[in-house]
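[1] Have a look; sequence and predicted model below, questions after that.
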Amino acid sequence: PNAVFTTVESCIAGEGGLVQFVNRSDTGLAEDELWSWEFGDIFSGEDNYSTLKDPSHYYDKPGTWTIRLDVDSDNGCSDYMQKTMAINLKPRAEFSWNSNCLSDEATVFEGQEAVDYPDYIADRTWTIYRGNTEIFRSDSSQPDYFFQSQVSFRVAYSILTNNGCTDTTEKIITLSPTYILSQDPYFEDFEIEQVHGWSSMSTDLSQNSWTYGEVNPGGFPETASSGSRAWYTDLPDPQEVEKSWVQSPCFNFIGFQRPMVSFDMKRSLSRNQDGAVLQYTTNNGRTWLDVGSVDDGGVNWYNSDKILNGDGGQHTGWTAESESYEDDQWYNAAHGLDQLTWHKKVQFRIVFTTMGGDTYADGFAFDNFAIKQRSRLSVLEYFTNANTPVCYDTDSLVRELMMELPADVIDIQYHAAGNVPDKMYFDNPVPANN
């Protein structure tokens, strides 16, 4: 006989894995053979040996191993093959894409694989499926594809390294509709099922209490703020630790001035044990930032910065007003969004977190989500003298305020003569008449 063997793939994960051996020995006219394997892994005990034709062996880490195959045929002949093999570290395929927003721009994909140096990527393949039908294939490092509908697509990314190691990962991408706010401000009362484009997610798929639909009068929140449907949490009994959220479709803020967000909310929370927060992302969810903070001028906005189990290690948001408290009505919350002006792809999410354990708390509910333009203006009138030191602090305060709220406040200054000449006053002794 002629003893020959190879492997399906001589690559395993860093924490260990199975290597499948393939016996390619030529035994000629022999009718019966005996196989004897030694895998060079003496610390595996009896598992270091096998008499199977095509065995597999578990190596607890990558490395260099000496493997031997002995072949004995029934005609009294024998042969062996001994080979020192490198069992390499298997690469890890990973990728991301630049936007979940359906728009007039192509979606760009980027590989983010991990490969053990000095090994490197020798080949890569991207495949996009709609259902089970392949609609796109590429070997580029950063392919782009123009999606034309909001249905879900399956994206597969496969890599092959110079050492012959492979890995494949698949993800589902569902494109969200993009609302161009400059054309039409956004309002969603959630009354039309499966049209609103919002969806719930969680860090643990088994712990997601968010529910969308008609509100049960016998449970929280008893009624919707308007109509019959809303988003609300339906907490399990007993309650458990949870971090979950409801994510919005996409919004284009280009050309949309003085934006604000408002929605109706109802709370049934345990003080600082449970909480909710509104966040936004401008980079496809790589980072999420809070909309506003405590006591920053928002209407019915956050009431605590000490919430346990807050999102991303932060502790700001809505919680109960007292130990364990349920709102007796729906409240409208509102806040400015000036930081998002001129951003093209923005998504929001309302995050709910709980430590669990409070049998009286039912969670959080929201309804009537709107993004619109602020319509109110404030007029600030005051007397000053630009050359009087006593007015410096007041003038500085006004300037800082105007820098923070340039679109919301009209600044009217009356420059008086006083005891010290005011250049503005003397240059303009009579008000302009046109």
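    Received the coordinates, thanks.
[2] Give the buried residues for the helix or strand where residue 172 lies.
    Counting by DSSP states H and E, the element that carries residue 172 is strand 166-174. Across strand 166-174, burial judged by 16 or more other C-beta atoms under 10 Å covers 167, 173. From N, CA and C alone the C-beta is placed, and that goes for glycine too.
[3] go on, stretch 128-140?
    Those would be 128, 129, 136, for stretch 128-140 by 16+ other C-beta under 10 Å.
[4] same thing with stretch 68-86?
    Per 16+ other C-beta under 10 Å, stretch 68-86 contains these buried residues: 69, 70, 71, 72, 73, 79, 81, 85.
[5] out of those, which one sits closest to residue 345?
    residue 85 (48.7 Å; C-beta to C-beta).
[6] Give me the secondary structure label for that closest one.
    Under DSSP: H, G, I helix; E, B strand; the rest coil, residue 85 falls in the strand class.
[7] With adjacent residues omitted, what lies nearest to residue 10?
    Counting by C-beta to C-beta, 6 or more residues apart in numbering, residue 87 is the residue found nearest to residue 10 once chain neighbours are left out, at 5.3 Å.
[8] Relative to residue 216, how far out is the one you found?
    57 Å (C-beta to C-beta, to the nearest Å).
[9] For residue 377, the count of nearby residues, please.
    Close neighbours of residue 377, defined as other C-beta atoms under 10 Å, add up to 10.
[10] give the contact list for it.
    By C-beta atoms under 8 Å, 6 or more residues apart in numbering, residue 377 lies in contact with 408, 409, 410.
[11] try it again with 7 Å
    408, 410 (C-beta atoms under 7 Å, 6 or more residues apart in numbering).
[12] Equivalent analysis for the one 4 residues further on, please.
    Shown here is residue 381, whose contacts under the criterion C-beta under 7 Å, 6+ apart are residue 412.
[13] Roughly how far does the residue nearest to residue 14 when sequence neighbours are not counted sit from residue 118?
    Leaving aside its sequence neighbours, residue 14 sits nearest to residue 89 (C-beta to C-beta, 6+ apart; 5.9 Å). When C-beta to C-beta is applied, the distance between residue 89 and residue 118 equals 11 Å.
[14] More neighbours: these two, which one.
    Using other C-beta under 10 Å as the criterion, residue 89 and residue 118 rank with residue 89 on top: 21 against 7.
[15] where in this protein is pLDDT low?
    Counting by pLDDT under 70, the chain contains low-confidence ranges at 311-313, 431-434.
[16] coming back round to it: can you name the two of the buried residues of stretch 68-86 that sit furthest apart?
    Taking C-beta to C-beta as the measure, those have their most distant pair in 73 and 85, spaced 24.9 Å apart.
[17] tell me the secondary structure for the spatially most central residue of the chain?
    By C-alpha atoms, centre = their mean, the chain has its centre lying nearest to residue 285, at 3.9 Å. At residue 285 the chain is in coil, as set by three-state DSSP.
[18] so what's residue 210 up against?
    Contacts of residue 210 by C-beta under 7 Å, 6+ apart are 200, 231, 233, 244, 246.
[19] same thing but 6 Å
    For residue 210, the contact set (C-beta atoms under 6 Å, 6 or more residues apart in numbering) comprises 200, 233, 244, 246.
[20] Tell me how many other residues surround the second one.
    The local packing count at residue 233 equals 25, with neighbours defined by other C-beta under 10 Å.
[21] beta partners for it?
    residue 210 (DSSP bridges).
[22] Could you shift the numbering so residue one becomes 9, and keep it that way?
    Taking 9 as the first residue, the last one we looked at is residue 241.
[23] three-state assignment of residue 213?
    Residue 213 ends up coil, using three-state DSSP.
[24] Quick check: residue 27 is in a strand.
    Yes. Secondary structure of residue 27 (three-state DSSP): part of a strand.
[25] is it in a bridge, and if so with what?
    Listed beta-bridge partners, residue 27: residue 65 (assigned using DSSP bridges).
[26] burial count for it?
    Residues lying near residue 27 (other C-beta under 10 Å) number 20.
[27] now residue 193
    For residue 193, the neighbour count with other C-beta under 10 Å is 14.
[28] Quick one: residues contacting residue 253.
    Residue 253 touches 209, 357, 359, counting by C-beta under 6 Å, 6+ apart.
[29] most surrounded residue in the residues you listed?
    Sorting the contacts of residue 253 by how many neighbours each has (other C-beta under 10 Å) puts residue 359 first, at 23 neighbours.
[30] With distance to residue 171 and secondary structure added, can I get the buried residues of stretch 136-148 in a markdown table?
    What follows is the buried residues of stretch 136-148, written out as a markdown table (distance: C-beta to C-beta, whole Å; DSSP: H, G, I helix; E, B strand; the rest coil):
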| residue | distance to residue 171 | secondary structure |
| --- | --- | --- |
| 136 | 28 | strand |
| 137 | 29 | strand |
| 144 | 28 | strand |
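[31] Out of those residues, which comes closest to residue 399?
    Using C-beta to C-beta, the buried residues of stretch 136-148 come closest to residue 399 at residue 136, 65.2 Å.
[32] Residue 145 versus the closest one, what's the distance?
    8 Å.
[33] With residue 220 instead?
    Residue 220 is 36 Å from residue 145, by C-beta to C-beta.
[34] in the protein, which spans are helices?
    400-412, 431-435 (DSSP state H).
[35] Thanks again, I'm all set now.
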